[in-house]
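K.L.:
take a look and give me a structure for this.
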Amino acid sequence: MNPASNNPATLVFEGACWKFGHNVPTDAITPTRLVWKTFDEMARHCLESLDPDFPRRVRPGDILVAGRNFGCSSGRAAAPKALAATGIGAVVAERFSRTFYRNGHEVGLPILEAPGIHAFVEPGDRLHVDIANGEVRNARTGRALRTSPPPPFLLDMLRAGGLIPYLKSESNPLMSVR
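P.N.:
Numbering: from 1, shown residues only. Predicted coordinates:
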């Protein structure tokens, strides 16, 4: 599969790995000075304090991998929106801060918690991520890492493109209550 075949409807993504560490705060994802800018502007500075090459070299469909507590500190939804604006295919972390986890789903950013992922990859590895089945495959090593996928309602929310599109969709169980 190539990046052009990444499919949010099936929640399957393939791309090059960008690896970050543990305890990455939202202020490192989106600097506070940029919160009032457009998401395209925020994307041009996304994670630059941790890797100055990231905003210039990230490509649509790439996969961001991080350690524990990704997206900690501020609860601003601007951080997952800025990441989405970079074109990143999916974010896989050992563990997300709970606020980032919620915000990621609400804005439609494909995310997956996968304990062990940080040691499983190296920067530049080609990864195949299947969020709905809780699987990450590393093309360099030929190995697969399996984890629990998000609950079905969060998968439906990601497929819809976020909370607001989900609430308007036929997948929303509340739509049948009218």
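K.L.:
how far does stretch 42-57 stretch from one end to the other?
P.N.:
One end of stretch 42-57 to the other measures 15 Å (CA to CA, to the nearest Å).
K.L.:
hmm, who's touching that stretch?
P.N.:
18, 20-21, 24, 28-31, 34-35, 58, 78, 81-83, 85-87 (CB atoms under 8 Å, 6 or more residues apart in numbering). All C-beta atoms are positioned from the backbone trio N, CA, C, and that covers glycine.
K.L.:
now those: which count as buried?
P.N.:
Among these, those buried by neighbour count (16 or more other CB atoms under 10 Å) are 18, 20, 24, 28-31, 34, 58, 78, 81-83, 85-86.
K.L.:
among those, which are in strands?
P.N.:
Trp18 (DSSP state E).
K.L.:
tell me which of the buried ones among the contacts of stretch 42-57 is nearest to Thr10?
P.N.:
Leu83 (20.3 Å; CB to CB).
K.L.:
quick check: that closest one touching Leu109?
P.N.:
Yes. Here Leu83 reaches Leu109: they are 6.0 Å apart, a contact under CB atoms under 8 Å.
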